[in-house]
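[1] 3D, please:
(one chain, ligands or ions: 1)
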Amino acid sequence: MPEISESISQRKKEHIALCLTGEVSFKSKTTGFENYDFKHYAITEVDLRKISFNTDFFGKKINYPFLISCMTGGVSEAENINMQLAVAANELNIPVGVGSQRQALENKTYHQSYKALRKNAPSIPVLGNIGAAQIAKLKNLDQVRLLAELVNADVMVIHVNPLQELLQYKGQPDFSGFIKALEKLVRFLDIPVVVKEVGAGISKKAASRLLNIGVKGIDVAGAGGTSWAGVEILRNKSDKGSEFWDWGLPTSYCLRTVGKLKNKFDFMLIGSGGINNAADAAKAFALGADITASARIILQVLDKSGVEGVVQLIKDWFETIKHVMYLTGSNSIEELKDGKLIRKEKFF
Ligand SMILES: Cc1cc2nc3c(=O)[nH]c(=O)nc-3n(C[C@H](O)[C@H](O)[C@H](O)COP(=O)(O)O)c2cc1C
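    The predicted structure follows:
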């Protein structure tokens, strides 16, 4: 067995390093967005100057329906990254998530790396984060409340990552008891709970189960972007599990199917997983997302072009989304969701 680091901090450090490369993308599976095109509307009367992206995010006003996905914390490098992400999110007035707070449960060594978010973004929505594997085995719900307090979270995100746990060296592929514990947690916390995948997608059936127990948001984090099977396979330095590199439900499929639950439940649908350009973000909205989110591309742009690069990227994306709205006759994101996409094969 090759040498593989075991501490959560070291693992986090390696995740960041691997995600700064292009090596951890899906190999042949895609998000599926490329199968759709927008329906051009020749008699549009949309006034570009009147389009507003102001959105309500669990009671707070944000300027763009965009979330910087949960990424890091629990390692010294994370403090600087979270500080910069917070500055960017604060400037854009958008929400930002912290990476898994599991390490914070063990000791206080890296508490500053998590606190860096709120310290630099006093009023935007901040999302706490912990995994389903930890929730399933939790003895005391107060621990999650403490994690939320550590970052002064507006929302608590629980990540479900069965594939990653399966392939991770010393992972915890055992979520038995999760749904029962989550149901208790949802009632216990006084902030909303969002459940997210990390790149393998959430099905309609899974989402329905989660919404039934009171979860307020589903972040589909579908397949086609970052492959967390890929990340762990590369960390393991062996081919074991490589048949799962491309495992998962494509982001477009998740949005189309989970979106149907809007008829039955009141929840926030977050579109993420491989959203790496404006066109894909626009298609995610058109397929039903209330808000879109990205992770790896944000980390990469931050690394290359700093806070200003991230701020410019999001501004540019939404400028392009405005143009899509104009060309499809959509005055708002809600109107963009209304029959503005066509599957490409129907053109011919
Ligand atoms: C460096 C890095 C670290 C991540 N760590 C976490 C984490 O701790 N908790 C979590 O819920 N998701 C984590 N994710 C997953 C992302 O939030 C996201 O769901 C996933 O990468 C898919 O989005 P993408 O294709 O835009 O990267 C991480 C992503 C990256 C790039």
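
[2] and stretch 115-123, what's buried?
    115-118, 120-121 (16 or more other CB atoms under 10 Å). To be clear about C-beta, it is placed using only N, CA and C from the backbone, and glycine gets the same treatment.

[3] out of those residues, who's nearest the ligand?
    The ligand lies nearest to residue 117 out of those, by CB to the nearest ligand atom, at 12.8 Å.

[4] for that closest one, helix, strand, or coil?
    What DSSP: H, G, I helix; E, B strand; the rest coil gives for residue 117 is helix.

[5] centroid-nearest residue for this structure?
    residue 69 (4.1 Å; CA atoms, centre = their mean).

[6] contact partners for the residue lying closest to that residue once chain neighbours are set aside?
    Nearest residue to residue 69, sequence neighbours excluded (CB to CB, 6 or more residues apart in numbering): residue 295, at 3.8 Å. Listed by CB atoms under 8 Å, 6 or more residues apart in numbering, the contact partners of residue 295 are 19, 68-71, 225-226, 272.

[7] any chance you could map the strands in the stretch 201-348 of the chain?
    Assigned strands in the stretch 201-348 of the chain, in chain order: 217-219, 268-272, 291-294, 341-343 (criterion: DSSP state E, counting those that start in this stretch).

[8] and residue 5, what pLDDT?
    pLDDT, residue 5: 52.

[9] picking up where we left off before, tell me the pLDDT at the residue nearest to the centre of the chain?
    Predicted confidence (pLDDT) for residue 69: 98.

[10] and the stretch 201-348 of the chain, which of its residues are near the ligand?
    By CB under 6 Å from any ligand atom, the residues of the stretch 201-348 of the chain that approach the ligand are 221, 225-226, 272-275, 294-296, 299.

[11] nearest to the ligand among those residues?
    Closest approach between those and the ligand, by CB to the nearest ligand atom: residue 225, at 2.2 Å.

[12] I'd assumed residue 251 was in contact with the closest one.
    Yes: the pair residue 225 / residue 251 is scored as a contact, 7.2 Å apart, by CB atoms under 8 Å.

[13] looking at it, residue 284 is touching residue 293, isn't it?
    No: applying CB under 8 Å as the test, residue 284 and residue 293 come out as separate, 9.1 Å apart.

[14] list residues touching both of the two?
    With CB under 8 Å, 6+ apart as the test, residue 284 and residue 293 both reach 271-272, 275.

[15] can you pick the most crowded of the residues you listed?
    Comparing these by number of neighbours (other CB atoms under 10 Å), residue 271 comes first, having 34 neighbours.

[16] what's the spacing between that residue and residue 150?
    Distance of residue 271 to residue 150, computed by CB to CB, to the nearest Å: 28 Å.

[17] quick one: the helices in the chain, in order.
    For the chain, the helices defined by DSSP state H cover 8-19, 76-92, 102-106, 111-120, 132-136, 142-150, 162-167, 178-188, 204-212, 228-236, 251-258, 278-286, 296-328, 333-336.
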